[in-house]
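Student: Quick one: sequence and predicted model below, then my questions.
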Amino acid sequence: MKKIFCALLIAAALACPVYADDLPTSFDMRPLLPKIKNQNPWGTCWAFASMGAIEADYLMNRSNDIDLSSLNLTSSDLNLSELFLAYFAHAPKGNVPDRTVFPIFSGDKLVTNPTINQILGGATARVTTAIYSRGFGYGPVKASGDMSYSNVNNDNEKEFEARMKNKRAWDYESVLRLKETAEFDNLMNSEEERNALKKLILQHGGAYFSYSDANIARNNQYYSYYAPYDVIDAQKDTGGHAVAVVGWDDNFSRSKFKYDPGIDGAWLIRNSWGEESEGHDKGYFWASYKLYSSAVVFIMESVDKTEALYDHAPLSWSNVNWGTGEAWGANVYKVTSPDQKLIKVGFATLADSADVEIFVNKSYGMKAPTAKDIKSGDLVYSGTLPYCGYHSVSIDHAAIDLTSGDYFSVMIHVKNPSAYSKSYALAVSFAEEGETDSFFNFDGQSF
């Protein structure tokens, strides 16, 4: 029997404090990590930051459900492909069914055949989440063969483009898939949030970390970095940058920064500019707790090749928010194969400690339901999710057997806690014109 994973709603995530007790004053993941990488010459820091965090999670959890030995990998040679993530995030139309995964625009026009310079450009952790939440064929792969970063440079762009013309993401074997994420966006001001991130780093080895970079704010003597707002605003050479945070030191002195952050304490940062980069200690540096920054923890799990995915979100993660404090959303799917069983639902919450209910209705038969036909169906999950981000919730206990040719709906009801009662409850990826697969309301009655 084929197991089915439904990606219901993909939502942007806000800060999500998970309170941490008895944390050590310092933590350093460096002894377990592979050698520092170099993103040059492309703007792919986001992909390197993502893979740095995922590799750290991989190594921290290798004795649990993720088995390095079965993949013929060790910590010294672990090398997951940044090129795979960057390329297939913006792959030309021929590499994915019917459309680009994340379109590239020039002005207001869609670029249907982007160049390597356009493909290997900037993105965010939410793009990583969107790609790796799409199921088998879109998880991290080993950096070898076509997917080795050294295979594309200024000298062989055309050769690389020709070689990749007919390649698809699922031609490569995924070694992991995304289980869940947690996002943090108030690290500068919230000690609770910093403690929450530290707790997850202890469990998963590291996190994606983004900030504004200005060379003037580096103290090369102590390999440290802190840039206050006025310094960032005054510089012309600043830009958004993504790295991996792989540790911390609460006692790192404020006197070791070029500009005084006001408190002691720093994050240990793994960069992607090579081991010899100025202002770095063999590729690492320290970033003040008071640096304006955000972070994402990627929590991975082993790939289950017996699973299939139903979703309507090839563009996946959207910043279009929906519902204030509480909202309902439903997706409708048509069962495409016999002997399938619904076991998981994927979605994201916008606030920490959100109350979530999931309903499944398979009473529609072979007629596609319209908005007025959508009913909640059977309650298969009810609980409070401890932190915001992407989640894949198991409903295997509910034993939802599906019939080929029939339609079924998955409904999610999200209610934010009182502290977030005026915050959005859902984020929506709008369907293409003419599609009517997703439905929303704010009263639980009329879609």
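Tutor: Done, it's in.
Student: List the beta-bridge partners for Val332.
Tutor: Here Val332 sits in beta bridges with Ser409, going by DSSP bridges.
Student: With Met411 as the reference, measure out to it.
Tutor: Computed as CB to CB, to the nearest Å, the Val332 to Met411 distance reads 10 Å. C-beta here means a position set from N, CA and C on the backbone, and glycine is covered the same way.
Student: Which residues are in contact with each of the two?
Tutor: Ile374 (CB atoms under 8 Å, 6 or more residues apart in numbering).
Student: How many neighbouring residues does Ile263 have?
Tutor: When neighbours are counted by other CB atoms under 10 Å, Ile263 registers 12.
Student: any idea how far Arg254 is from it?
Tutor: Ile263 is 6 Å from Arg254, by CB to CB.
Student: got it, and Ala368?
Tutor: Taking CB to CB, one finds Ala368 at 61 Å from Arg254.
Student: same check, this time on Gly240
Tutor: Counting by CB to CB, the gap from Gly240 to Arg254 is 25 Å.
Student: quick one: which of these two has more around it?
Tutor: Arg254 (18 against 13).
Student: what about that one, distance to Asn166?
Tutor: From Arg254 to Asn166 the distance is 55 Å (CB to CB).
Student: And Phe359, by the same measure?
Tutor: For Phe359, the distance to Asn166 - CB to CB - is 42 Å.
Student: what about these two, which has more around it?
Tutor: Set side by side, Phe359 and Asn166 show more neighbours around Phe359, with 20 against 9, by other CB under 10 Å.
Student: Can you give the distance from the helix or strand hosting that one to the centre of its chain?
Tutor: Taking DSSP states H and E as the criterion, Phe359 maps to strand 354-361. Here the centre of strand 354-361 is set off from its chain's centre by 22 Å, with CA atoms, centre = their mean, to the nearest Å.
Student: For that strand, buried residues please.
Tutor: 354, 356-361 (16 or more other CB atoms under 10 Å).
Student: any idea which helix or strand comes after that strand?
Tutor: Taking DSSP H and E, what comes next after strand 354-361 is strand 378-385.
Student: phi, psi of the residue positioned nearest the centre of the chain?
Tutor: Centroid-nearest residue in the chain: Thr129, 2.5 Å away (criterion: CA atoms, centre = their mean). Here is the backbone geometry of Thr129 (degrees, to the nearest 10): phi -60, psi -40.
Student: Also Met164?
Tutor: Dihedral angles (degrees, to the nearest 10) for Met164: phi -90, psi 0.
Student: and Phe27, what are its bridge partners?
Tutor: Going by DSSP bridges, Phe27 forms beta bridges with Trp248.
Student: can you tell me how far Ile374 sits from Ala368?
Tutor: Relative to Ala368, and taking CB to CB, Ile374 is found at 11 Å.
Student: which residues do these two both contact?
Tutor: Common neighbours of Ile374 and Ala368 (CB under 8 Å, 6+ apart) are Val332.
Student: More neighbours: those two, which one.
Tutor: Ile374 (20 against 13).
Student: Now for Glu192, how many residues are close by?
Tutor: Neighbour tally, Glu192, other CB under 10 Å: 14.
Student: where's it relative to Asn186, distance?
Tutor: 9 Å.
Student: Likewise for Asn271?
Tutor: Taking CB to CB, one finds Asn271 at 23 Å from Asn186.
Student: Which one of those two is surrounded by more residues?
Tutor: Asn271 (26 against 16).
Student: Residue ranges in the stretch 51-200 of the chain under the pLDDT threshold?
Tutor: 62-77, 91-113, 135-137, 153-156 (pLDDT under 70).
Student: Okay, helices next: where are they in it?
Tutor: Using DSSP state H, counting those that start in this stretch, the helices of the stretch 51-200 of the chain run over 82-89, 116-119, 125-132, 157-164, 191-204.
Student: Throw the ones you listed into a markdown table and include distance to Ser423, thanks.
Tutor: Listed next are these as a markdown table, based on distance: least, CB to CB, whole Å:
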| stretch | distance to Ser423 |
| --- | --- |
| helix 82-89 | 28 |
| helix 116-119 | 34 |
| helix 125-132 | 17 |
| helix 157-164 | 41 |
| helix 191-204 | 16 |
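Student: quick one: which of those is nearest Thr349?
Tutor: helix 125-132 (12.8 Å; CB to CB).
Student: between that closest one and helix 82-89, what angle do the directions make?
Tutor: Counting by axes from the mean of the first three to the mean of the last three CA atoms, to 10 degrees, helix 125-132 points 80 degrees away from the direction of helix 82-89.
Student: could you dump helix 125-132 to CSV, C-alpha only?
Tutor: Output in CSV follows, covering the C-alpha atoms of helix 125-132 (Å, rounded to 0.1, in the frame of the first residue of the first chain):
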residue,chain,number,x,y,z
ALA,A,125,15.7,30.0,3.9
ARG,A,126,12.0,29.9,3.0
VAL,A,127,13.0,28.8,-0.5
THR,A,128,15.0,26.0,1.0
THR,A,129,11.9,25.0,3.1
ALA,A,130,9.7,25.1,0.1
ILE,A,131,12.0,22.9,-2.0
TYR,A,132,12.8,20.3,0.6
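Student: quick one: buried residues of the helix or strand hosting Tyr390?
Tutor: Assessed by DSSP H and E, Tyr390 sits inside strand 389-394. Taking 16+ other CB under 10 Å as the neighbour-count basis, strand 389-394 is seen to contain the buried residues 389-393.
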